[in-house]
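> Mind looking at a prediction? Sequence and model below.
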Amino acid sequence: MKCQSCDQMATVHLTEIVNGKKKEKHFCQECAQKLELLKQQELNLTAILQSVIGQHVGGQADEWSRLTCPSCGIKYMEFKAAGRCGCPQDYQVFREPLMPLLERIHRGRKHVGKVPPHALKHAAVQAELRDLRQQLRSAVEREAFEEAARLRDLIRQKENADEPR
Amino acid sequence: MNLDSLTEHSGEWLRAAGPEADIVISCRIRLARNLSSFPFSNRASPHQKAEIEQYLKGRIDRLEFDPRLEYLNLANLSPVDRQLLVERQLISRELANSEGPRGVAFASNEIISIMANEEDHIRLQVIRSGFALDEAWQDADRLDDKLEERVPYAFSEELGYLTACPTNVGTGMRASVMMHLPALVLTKQIEKVFRALQKINLAVRGLYGEGSRASGDFYQISNQVTLGKSETTILNEIRDVVPNIINYERQARQLLTRENHQAVLDRVSRAFGTLRSATMMTSEETMDLLSSVRLGVNLGLIDDIDIRKVNELFIHTQPAHLQKLLGRPLDSEERNSERARFLRNRLRDADSMN
């Protein structure tokens, strides 16, 4: 079928009902866009999902659905759909919805098992490394490549210093 | 590492040694660990995954651990080689079939393996032959400490080891005991055992873990809870329940020999006979028949083959093992005829040893 405004193949088909009369219209992608027929149909999947789920579970979930992890960028809805966290920080970011879930799965909410024996030693170095990686990202964004190279070397050095000799 | 040589022998866990090895094939401890400074594998970019792999490989290479672990890059392996490692229980199906930079380190005795870039950055695993849960835990604990000395883990005081999936958070430990329970299946009591285990929050799975069928009458019993209980408590719960299941299985075996002796003898003999003479054999049928033969050996109905050899046949007749042994890819029909040939040869050898 051809577009009724030009000779291209029609890919957008509209059915209008005006005063009880059915009218069919056919346009190609280009003409449909010119006539702004497509704009109103543009889909925002996340917005739809969030509104659908929000309707069902009310205000609190609506609040949760706005949560995004600043570290890995995962949204609460993505976590919920996949059932997997995106990074260790998510346990803090999604804490409120996560705790009831953990209680359902484990009937427990507090770790009472093994504690990694070298955690303290690592913590200080890790904090410093996080800071350096942040600086490195910003240096790359600013295209300050000399500084970036210096930071990269420093990070490597620190990463390896973390190991026992 | 030469993977071809793997098919010439088998891992320690198949040795049929250790306590209660007629019923308990093996014990496995798996620990899920993550690096604190990277997103989890599912959220990491290909570049980050490569970085994680490099980081872990370097540290594993420098690990002072006896026996020495050797690292294998899985992305460079062929699908058959990866499948071979799955069949040997050295890596998970998920790791074999996923994409991107990933790997596994293991020692030649195949007791210990460390997977890199599975669902969690690190999946550390120890498999021991027989009912040796504590030994498996001690190995895993020791290796975990050694690795953590070099690798900072994602850990929170409140929630323990932080994992990609909330079902593993806390200890990150899955302890499982693989049992061969043919008599409970034959006497139709296995469902009862399942229900009892589910009530106390233990999971029952097949030979290859989650979602796999319980072929060959093998069942893996494992903990589901990882948060709110210590490793010791979890291990105690499993250690307490397994002897009961062993007893049920033994009672069912006695019942079978006492009341259905002729039928059992017939079943075992037919299975043995079929395995020694068939010319086409599917993997599924092999598992079922070998299960009967294994029961027969344990009941003293067959005495010209030892249990270790039967254990090995379960693994060595699987698709990737056959293809490695033959040194070429085989379609499923060829596999069935090669599998039958392999079984005939192996079981003929068994005869002549008598």
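Yep, it's here.
> Just the C-alpha atoms of the longest helix seen in chain A, please, in CSV.
In chain A, with assignment by DSSP state H, the single longest helix is helix A:119-141. Taking Å, rounded to 0.1, in the frame of the first residue of the first chain, the C-alpha atoms of helix A:119-141 are listed here in CSV:
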residue,chain,number,x,y,z
ALA,A,119,38.9,-6.5,55.9
LEU,A,120,40.2,-3.6,58.1
LYS,A,121,43.5,-3.5,56.3
HIS,A,122,41.8,-3.4,52.9
ALA,A,123,39.2,-0.7,53.9
ALA,A,124,41.6,2.2,54.0
VAL,A,125,43.2,1.4,50.7
GLN,A,126,39.9,0.9,49.1
ALA,A,127,38.5,4.3,50.1
GLU,A,128,41.6,5.9,48.7
LEU,A,129,41.3,3.9,45.4
ARG,A,130,37.7,4.9,45.0
ASP,A,131,38.7,8.5,45.3
LEU,A,132,41.5,8.1,42.8
ARG,A,133,39.3,6.4,40.3
GLN,A,134,36.8,9.2,40.5
GLN,A,135,39.6,11.7,39.8
LEU,A,136,40.7,9.6,36.9
ARG,A,137,37.2,9.6,35.3
SER,A,138,37.0,13.4,35.7
ALA,A,139,40.5,13.8,34.2
VAL,A,140,39.5,11.8,31.2
GLU,A,141,36.3,13.8,30.8
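> So which elements touch that helix?
Using 3 or more C-beta pairs under 8 Å, 6 or more residues apart in numbering or on different chains; DSSP states H and E, the elements in contact with helix A:119-141 are helix A:145-161. C-betas here are computed from N, CA, C, even on glycine.
> So which bits of the helix it packs on are buried?
Residues of helix A:145-161 classed as buried: A:148, A:151-152, A:155, A:159 (neighbour count, 16 or more other C-beta atoms under 10 Å in any protein chain shown).
> Stretch B:11-27 now?
B:11-16, B:18, B:20-27.
> from those, which single one is nearest chain A?
Nearest to chain A among the buried residues of stretch B:11-27 is residue B:27, at 18.3 Å by C-beta to the nearest C-beta.
> Show me what the host helix or strand of that closest one is packed up against.
Residue B:27 is located in strand B:24-33, with elements delineated by DSSP states H and E. Packing partners of strand B:24-33 (3+ C-beta pairs under 8 Å, 6+ apart): strand B:122-129, helix B:133-150, strand B:160-161, strand B:173-180.
> and residue B:39, which of those is closest to it?
strand B:122-129 (14.3 Å; C-beta to C-beta).
> picking up where we left off before, so how far is the longest helix of chain A off the chain centroid?
23 Å (C-alpha atoms, centre = their mean, to the nearest Å).
> which residues are in contact with that helix?
Residues from elsewhere that reach helix A:119-141 (C-beta atoms under 8 Å, 6 or more residues apart in numbering or on different chains): A:145, A:147-148, A:151-152, A:154-155, A:158-159, A:161-162, B:36-37, B:148, B:152-153, B:155.
> low-scoring stretches of chain A, by residue?
Counting by pLDDT under 70, chain A has low-confidence residues at A:36-59, A:161-165.
> same thing but 50
A:40-41, A:165 (pLDDT under 50).
> for chain B, same thing?
B:352-354.
> circling back to that earlier point, quick one, the longest helix of chain A and helix B:133-150 angle?
50 degrees (axes from the mean of the first three to the mean of the last three C-alpha atoms, to 10 degrees).
> mind listing the helices in chain B by residue range?
B:46-61, B:79-87, B:93-97, B:133-150, B:182-186, B:190-199, B:231-259, B:261-277, B:283-298, B:307-316, B:319-326, B:332-352.
> quick one: stretch B:144-163 near chain A?
Yes. Using C-beta under 8 Å from any C-beta of the partner chain, we find that stretch B:144-163 touches chain A at B:144-145, B:148-150, B:152-163.
> and the residue of chain A found nearest chain B, which of the three is it?
Closest approach between chain A and chain B, counting by C-beta to the nearest C-beta: residue A:108, at 1.6 Å. Here residue A:108 is recorded as coil under DSSP: H, G, I helix; E, B strand; the rest coil.
> leaving aside the residues next to it on the chain, what's closest to residue B:190?
Of all residues not flanking residue B:190 in the chain, residue B:184 sits nearest, at 4.5 Å (C-beta to C-beta, 6 or more residues apart in numbering or on different chains).
> on that earlier part again, run me through the strand neighbours of the strand holding residue B:27, direction for each.
Here strand B:24-33 is paired, per DSSP bridges, with strand B:122-129 (antiparallel), strand B:173-180 (antiparallel).
> Alpha carbons of that strand, as PDB, please.
C-alpha atoms of strand B:24-33 as PDB (Å, rounded to 0.1, in the frame of the first residue of the first chain):
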ATOM      1  CA  VAL B  24      27.200 -40.200  49.600                       C
ATOM      2  CA  ILE B  25      29.100 -39.500  46.400                       C
ATOM      3  CA  SER B  26      30.500 -36.200  47.400                       C
ATOM      4  CA  CYS B  27      30.300 -33.000  49.500                       C
ATOM      5  CA  ARG B  28      30.600 -29.600  48.000                       C
ATOM      6  CA  ILE B  29      31.100 -26.200  49.600                       C
ATOM      7  CA  ARG B  30      30.600 -23.100  47.400                       C
ATOM      8  CA  LEU B  31      31.400 -19.600  48.500                       C
ATOM      9  CA  ALA B  32      30.200 -16.600  46.600                       C
ATOM     10  CA  ARG B  33      32.500 -13.500  46.900                       C
END
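> Just want the angle from it to helix B:307-316.
On the basis of the same axes, to 10 degrees, strand B:24-33 is oriented at 50 degrees to helix B:307-316.
> and the nearest residue to residue B:85 once chain neighbours are set aside, what does it touch?
Distances taken as C-beta to C-beta, 6+ apart put residue B:91 closest to residue B:85, at 4.6 Å, once the chain neighbours are dropped. By C-beta under 8 Å, 6+ apart, the residues touching residue B:91 are B:74, B:82, B:85, B:104, B:113, B:115.
> Which PyMOL command selects the buried ones in those residues?
Buried residues within these, by 16+ other C-beta under 10 Å, are selected in PyMOL with:
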select buried, chain B and resi 74+82+85+104+113+115
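> which residues pair with the residue nearest to residue B:31 when sequence neighbours are not counted across the strands?
Once flanking residues are discounted, residue B:31 sits nearest to residue B:124: 4.5 Å by C-beta to C-beta, 6+ apart. Residue B:124 has these beta-bridge partners by DSSP bridges: residue B:31, residue B:114.
> what separates residue B:124 from residue A:94, distance-wise?
26 Å (C-beta to C-beta, to the nearest Å).
> Same check on residue B:183?
47 Å.
> Now do residue A:61: how many residues are near it, please.
For residue A:61, the neighbour count with other C-beta atoms under 10 Å in any protein chain shown is 17.
> ok, the closest residue to chain A within the stretch 101-250 of chain B - contacts?
Distance from chain A to each residue of the stretch 101-250 of chain B (C-beta to the nearest C-beta) is smallest for residue B:228, at 1.6 Å. Neighbouring residues of residue B:228 by C-beta under 8 Å, 6+ apart: A:106-112, B:170.
> Ok, residue B:311 next?
B:10, B:14-16, B:25, B:294.
> Also residue B:128?
Counted by C-beta under 8 Å, 6+ apart, residue B:128 has contacts B:12-13, B:18, B:26-28, B:111, B:135-136, B:139.
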